[in-house]
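>>> Model the structure of this input:
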Amino acid sequence: MAEGFSGVLAWAEGLYAVVVSYVSNPWFIYQVALILGSFALAWLVARRLEPALEARARRVTGNPGLLRVIAALLRRLDWILFVVLLVGVLSVMQSVTWPSRSYLVTIALSLSVAWLVISVLSRVIRSRAIGRLVAFAVWGYVALAIVGVTEDVAEFLDGLSFSAGEMRVSALLVLQSVVFLGATLWIAISAGNFLDQRIQSSDELTPSLRVLIGKLLKILLIVLAAVVVMSGLGIDLSAFAIFSGAVGVGVGFGLQKVVSNFISGIIILLDRSIKPGDTISLGETFGWIRELRARFVSVVTRDGREYLIPNEDFITREVINWSFSNELVRLDVEFGVAYDSDPHEVSRLAIEATAAVERVVSAKQPVCWMTGFGDSSLDFVVRFWIQDPQNGLTNIRGKVLLAMWDTFKENGIGIPFPHREIIMRTPVKLEHQTGMSHD
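Residues are numbered from 1 along each chain as shown. Next up, the predicted model:
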């Protein structure tokens, strides 16, 4: 450990001496002034040109890809002008003085071009924060390569190390692991999303099978990426045997709900009890399934609310799947009419009115049955079928009731309302109270 730090100190002292000797040269100050002046000029010109160029770019229609590229270049117009100015400055300096006196301008030009290219290419990453982090990391490595100090920096980071048993851990190893793992996971996730989109667009597979295959592919690619990273870094995978046992115990106690929901999700996908697009009822929640996730099911209700219900609830609780085997659903609507109505005529009119409603399936004729003699009415129930329960149940019941109301009104059939008769059997004598003062 002490030898590593002594080597690091010696490297730092040598670098300090080189920097001091170079900064003391007058041409260093000239080059810094030219670089800063070029950047300031490019920034001022870009501020004036960008609004006008952006207004012209907005006229581009019918080609969103080209418009996106133009917008990305306009956001970096100051760097583009800076590179152009540095090219001009470097050409003039190399024609009037020694090339060694323009070394700093050459480095600045190379770094600027590298940053411009990397910042544009990093736009392929959707997350802006991750894209910027990747851009800075890649540009930092390229900058070290341009300056020519990659080996010195690698040696410096390798000197910052400690031993853990038989394994030597250094800052260089940690940095390589993070970069390698991040790049491999990004490739695995991107490939998984691409394959998942292709699978979801396949009409030959059922919706549940498409979701299951997509999730298994993503998990497999991520695990494969982690194994490749550890193997590439020379990490012995057998060292994780004890660790995996401890993780298994932790999963059994602390993450049992997470694992339960994950396993329940796989069971749901395998037995195809529910799938995206199904209309379901779970407790007081009625809606249609928008998406199946590894931990929960997204259910959208008629009022626009989206419920994220754990997968375990679909295994342990009673679920009504209105569209499990077919889309046909039978609904009942109860009503009553006055006692002076003809029950046969009421049944006929109720069936005709229900069959005329738009969403009622015409292939299955509605039926109407008398169910009892109520306190104030003859009680009936009309039964009909629909094949789009996801469009709502209350609204179709309301339309059927309105249709029967209009029909009954046209045919003189009354809808009774509850009433009570009070019979006074014991006469009550109201005596006039005397002796009361009157104003």
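>>> Now do the longest helix seen in the chain, average pLDDT.
Counting residues, the longest helix in the chain under DSSP state H turns out to be helix 26-57. Helix 26-57 carries an average pLDDT of 81.
>>> Show me where the protein has its strands.
Taking DSSP state E to define them, one finds strands in the chain at 161-164, 167-170, 279-282, 285-292, 296-301, 306-310, 320-321, 329-337, 367-373, 378-386.
>>> picking up where we left off before, could you list every helix and strand in contact with the longest helix of the chain?
When contacts are defined as 3 or more C-beta pairs under 8 Å, 6 or more residues apart in numbering; DSSP states H and E, helix 26-57 packs onto helix 64-74, helix 77-96, helix 103-121. Where C-beta positions appear, they are placed from N, C-alpha and C, glycine not excepted.
>>> quick revisit: of all the strands of the chain, which one is nearest Glu151?
Checking the strands of the chain against Glu151 by C-beta to C-beta gives strand 167-170 as the closest, at 15.0 Å.
>>> so how far is stretch 318-337 from its chain's centroid?
33 Å (C-alpha atoms, centre = their mean, to the nearest Å).
>>> Let the chain start at 52 from now.
All set: I'll call the first residue 52, so the last point we hit is now stretch 369-388.
>>> list the buried ones in that stretch?
Buried residues in stretch 369-388, counted by 16 or more other C-beta atoms under 10 Å: Val370, Asn372, Trp373, Ser374, Glu378, Val380, Leu382, Val384, Phe386, Gly387, Val388.
>>> ok, the residues you listed vs Ser146, which is closest?
Nearest member of the buried residues of stretch 369-388 to Ser146, counting by C-beta to C-beta, is Ser374, at 78.6 Å.
>>> for that closest one, what are its contacts?
Gly328, Asp329, Thr330, Val380, Pro440, Gln441 (C-beta atoms under 8 Å, 6 or more residues apart in numbering).
>>> try Val397
Contacts for Val397 (C-beta under 8 Å, 6+ apart) come out as Val388, Cys419, Met421, Leu429, Phe431, Phe459, Ile464.
>>> do that again at 6 Å, thanks
Neighbouring residues of Val397 by C-beta atoms under 6 Å, 6 or more residues apart in numbering: Val388.
>>> gap between it and Ala407?
Note on Val397: its distance to Ala407, by C-beta to C-beta, to the nearest Å, is 16 Å.
>>> where do the helices sit along the stretch 252-401 of the chain?
258-283, 292-304, 307-322, 362-367, 394-406 (DSSP state H, counting those that start in this stretch).
>>> picking that back up, Serialize the strands of the chain to CSV and add fields for mean pLDDT and distance to Ile318.
Converted to CSV, the strands of the chain look like this (pLDDT from 0 to 100; distance: least, C-beta to C-beta, whole Å):
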stretch, mean pLDDT, distance to Ile318
strand 212-215, 67, 41
strand 218-221, 68, 41
strand 330-333, 84, 16
strand 336-343, 85, 12
strand 347-352, 88, 12
strand 357-361, 88, 13
strand 371-372, 84, 15
strand 380-388, 91, 25
strand 418-424, 93, 39
strand 429-437, 93, 30
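>>> Ok, which of those comes nearest Gly243?
Comparing these by their distance to Gly243 (C-beta to C-beta), the top pick is strand 336-343, with 16.1 Å.
>>> Name every strand pairing with the closest one and say which way it goes.
Here strand 336-343 is paired, per DSSP bridges, with strand 330-333 (antiparallel), strand 347-352 (antiparallel).
>>> Pull the distance from the first one to the chain's centre.
Spelled out, that is strand 330-333. Chain-centre distance of strand 330-333: 23 Å, with C-alpha atoms, centre = their mean.
>>> do the longest one as well
Remark: strand 347-352 is offset 14 Å from the chain centroid, using C-alpha atoms, centre = their mean.
>>> in that strand, what's buried?
Neighbour count says strand 347-352 has Phe347, Val348, Ser349, Val350 buried, by 16+ other C-beta under 10 Å.
>>> Need the CA coordinates for it. CSV is fine.
What follows is strand 347-352, C-alpha atoms only, in CSV (Å, rounded to 0.1, in the frame of the first residue of the first chain):
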residue,chain,number,x,y,z
PHE,A,347,-48.8,-5.6,-10.7
VAL,A,348,-51.6,-5.4,-13.1
SER,A,349,-52.8,-2.0,-14.5
VAL,A,350,-56.6,-1.7,-14.5
VAL,A,351,-58.3,1.3,-16.0
THR,A,352,-61.8,2.1,-14.8
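>>> Thank you kindly, that will do.
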